[in-house]
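*Asks:* whatever this is, show me its structure:
(one chain, ligands or ions: 3)
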Amino acid sequence: MKINNLDDGLALHTDYYILNMMYTYWKKGINRRRAVFECYFRQNPFNSGYAIFAGLEQVVNYLQNLHFSDSDIDYLRENGEFDEGFLQYLKNMTFCCDVRSVVEGDLVFANEPIFQVEGPLDQCSLVETAILSIINYQVLIATKASRIKSAAGDDVLLEFGSRRAQELEAGVWGARAAYIAGFDATSNVRAGKVFNIPVAGTHAHALVQYYQNDYEAFKAYAQTHHDCTFLVDTYDTLKSGVPSAIKVAKEMGDKISFKGVRIDSGDMAYISKRVREKLDNAGYPDAKIVASNDLDEIKIQNLKMQGAKIDIWGVGTHLITGYDQPALGAVYKMVAIEDGNGNMMDTLKLSSNAEKISTPGQKQVWRITNSKKDDKSEGDYVTLRDENPNELQELYMFHPQYTYINKTITDFKARPVLQSIFENGQLVYQLPTLAQIRNYCRQNLDSLWDEYKRDLNPQDYPVDLSQRLYDHKRHYIEYVHQQVKNMGTDD
Ligand SMILES: Nc1ncnc2c1ncn2[C@@H]1O[C@H](COP(=O)(O)OP(=O)(O)OP(=O)(O)O)[C@@H](O)[C@H]1O
Ligand SMILES: O=P(O)(O)OC[C@H]1O[C@H](OP(=O)(O)OP(=O)(O)O)[C@H](O)[C@@H]1O
Ligand SMILES: O=C(O)c1cccnc1
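*Replies:* Numbers count the residues shown, from 1 in each chain. Ligands and ions are numbered 1, 2, ... in the order given. Presented below is the predicted three-dimensional model:
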């Protein structure tokens, strides 16, 4: 949402240190050198065995509208330490990078590239903050939603989070991410309008508080609505709320469709069972019981284990805020840069922690499925970009750290996971509808073994490097170590 009249573009939605670097690149005349950056995360969120990719549509919107406005340039002139020539350069900048990405609804895993930007060094740098912000949030929420969906099974899931979302836009994009991962509807009407997500809602305690009486409140609601779900826990669910709901349903007869009741407090296992009995005994076996109140996948699973008679789950805070893990931690790293003679040279970020050493080079990720095993995923296979595992008769897959964990597969198919989205700044990807994305997400989850999907201690899904990429990384690490030694001063 626009903050004020100065908020007329997203080019400055970047960290200042990026502008600092862009200025150095420009002053040194290396700003147009071709670079490749990659985005990846190091651990699946929520100790999950997988994550769900979401955020591409917002990234596409952002990149298509990327330009420095007059007021951006004025602001930088007043507040920055940049030459007028640089400011004019920014003003005339048009996005011209290649972008490759996982598409929304696909599965992604730790330590594989999920998004790549290739183009002039300065442009690749500029977009880091916004891209990470979008992907970090939406992958997190889609993954949380998928975990909740797996606990709820075929029950209906309603997304109720907007009032607890950390920001207005987070509520809307979060509702979309949840829908991709299997939620059935959202309470956010704006999300319904802009994304065509089904919208659903009951009523709040305020209505009952106004009438200070369950019966009066439900009657008023029933006189003004056809579909009625009454919130029955304002005073006493079993003594007043449910009997009042039933009374109104009987009095109104065919004039309304009595959909059910919502409970929002108390012991929801016990209460839902008693509510079910009352509804059944009154002749409303089809009336549904909606539950809400700080729900998440663990509580839903637990309530089901307790035999709770809940048909519809309303989930807000824990979903929309990614409550138990507030950040995905995806990073954006340079993996290759032009050397000044037109050749691409790989780059690496070293770390004393082996898992944090980046993998150099321009890569593709292949999802390997096995036709002998119901076309289920065998793992992901990360290669240099010019490799194609489909040309091989058999595929040797090995763990990139514990190489003695390995397997050879023959009847496999390799699907490239990163797809071309922009070429030279032009969108070359047709954005799918939300319904297609949601469906695609379902199909992808179906192709994953249950062992990777269980929410407690899932098996590690293999994300392996091709032999060539593995060798390349090892040699490159040795090369960089040697360079560092040669540079170093002993003290
Ligand atoms: N049978 C149950 N098993 C496990 N957790 C439950 C069960 N019933 C309710 N809960 C969860 O326990 C937590 C506490 O619920 P409870 O309604 O007692 O407190 P509350 O949220 O403070 O109530 P109120 O909304 O009236 O202030 C909620 O997160 C709810 O989802
Ligand atoms: O608990 P969450 O998972 O975040 O789900 C959303 C919550 O928002 C509403 O409560 P709130 O107290 O804001 O309003 P109400 O008067 O409608 O209960 C609703 O009753 C849920 O409890
Ligand atoms: O429709 C509802 O019942 C609802 C919507 C938002 C938040 N809590 C409940």
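
*Asks:* for this structure, which helix is longest?
*Replies:* helix 128-152 (DSSP state H).

*Asks:* in the chain, which residue is most central in space?
*Replies:* Central residue of the chain (C-alpha atoms, centre = their mean): residue 139, 1.7 Å from the mean position.

*Asks:* my read: that one touches residue 330, true?
*Replies:* Yes - using C-beta atoms under 8 Å, residue 139 makes contact with residue 330 at a distance of 7.1 Å. In this view, the C-beta of every residue, glycine as well, is placed from N, C-alpha and C.

*Asks:* and for those two, which residues touch both?
*Replies:* Taking C-beta atoms under 8 Å, 6 or more residues apart in numbering as the criterion, residue 139 and residue 330 both touch 41, 114.

*Asks:* past the longest helix of the chain, which element shows up next along the chain?
*Replies:* Reading on from helix 128-152 to the C-terminus, the next helix or strand found by DSSP states H and E is strand 156-159.

*Asks:* and that next one, average pLDDT?
*Replies:* Mean per-residue pLDDT for strand 156-159: 98.

*Asks:* so what touches that strand?
*Replies:* Identification of contacts with strand 156-159 by C-beta under 8 Å, 6+ apart yields 145, 148-149, 174-175, 178-179, 182-188, 200, 288, 290, 292, 311-316, 319-320.

*Asks:* do stretch 64-80 as well
*Replies:* Counting by C-beta under 8 Å, 6+ apart, 6, 8-12, 19, 82, 84, 87, 90-91, 93-95, 126-127, 427 sit against stretch 64-80.

*Asks:* got the residues of this structure near ligand 1?
*Replies:* When proximity is defined by C-beta under 6 Å from any ligand atom, the chain lies next to ligand 1 at 265, 266, 267, 268, 269, 293, 294, 295, 299, 302, 303, 306.

*Asks:* reformat these as a markdown table; add distance to residue 162 and secondary structure.
*Replies:* Below are the residues of the chain next to ligand 1 laid out as a markdown table (distance: C-beta to C-beta, whole Å; DSSP: H, G, I helix; E, B strand; the rest coil):
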| residue | distance to residue 162 | secondary structure |
| --- | --- | --- |
| 265 | 20 | coil |
| 266 | 24 | coil |
| 267 | 27 | coil |
| 268 | 22 | helix |
| 269 | 27 | helix |
| 293 | 16 | coil |
| 294 | 16 | coil |
| 295 | 16 | coil |
| 299 | 20 | helix |
| 302 | 25 | helix |
| 303 | 23 | helix |
| 306 | 29 | coil |
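
*Asks:* what residues does the stretch 51-200 of the chain put near ligand 2?
*Replies:* Counting by C-beta under 6 Å from any ligand atom, the stretch 51-200 of the chain sits next to ligand 2 at 160, 163, 164.

*Asks:* most neighbours, which of those?
*Replies:* In terms of neighbours by other C-beta atoms under 10 Å, those top out with residue 160 at 25 neighbours.

*Asks:* pretty sure residue 260 is in a helix, no?
*Replies:* No - if the criterion is DSSP: H, G, I helix; E, B strand; the rest coil, then residue 260 is strand and not within a helix.

*Asks:* which ones are touching residue 233?
*Replies:* When contacts are counted by C-beta under 8 Å, 6+ apart, residue 233 touches 241, 262, 263, 264, 265, 266, 271.

*Asks:* swap that for residue 359, please
*Replies:* Applying C-beta under 8 Å, 6+ apart, we find residue 359 in contact with 335, 382, 465, 469, 473.

*Asks:* state the mean pLDDT of the helix or strand harbouring residue 252.
*Replies:* Assigned by DSSP H and E, residue 252 belongs to helix 242-252. Regarding helix 242-252, the rounded mean pLDDT is 98.

*Asks:* packing partners of it?
*Replies:* On a contact count with 3 or more C-beta pairs under 8 Å, 6 or more residues apart in numbering; DSSP states H and E, helix 242-252 meets helix 214-224, strand 227-231, strand 257-263, helix 268-281.

*Asks:* mind listing what's buried in it?
*Replies:* By 16 or more other C-beta atoms under 10 Å, the buried positions in helix 242-252 come out as 242, 243, 244, 245, 246, 248, 249, 252.

*Asks:* any idea how far the last one is from ligand 2?
*Replies:* Same thing as residue 252. Residue 252 sits 23 Å away from ligand 2, going by C-beta to the nearest ligand atom, to the nearest Å.

*Asks:* swap in the fifth one?
*Replies:* With the distance defined as C-beta to the nearest ligand atom, residue 246 ends up 21 Å from ligand 2.

*Asks:* so that residue touches residue 277, yeah?
*Replies:* No - Residue 246 lies out of contact with residue 277 (C-beta under 8 Å); the separation is 11.7 Å.

*Asks:* returning to that earlier point: out of the residues of the stretch 51-200 of the chain next to ligand 2, which is nearest to residue 437?
*Replies:* Nearest to residue 437 out of those is residue 160 (C-beta to C-beta; 21.6 Å).

*Asks:* cool, thanks, talk later.
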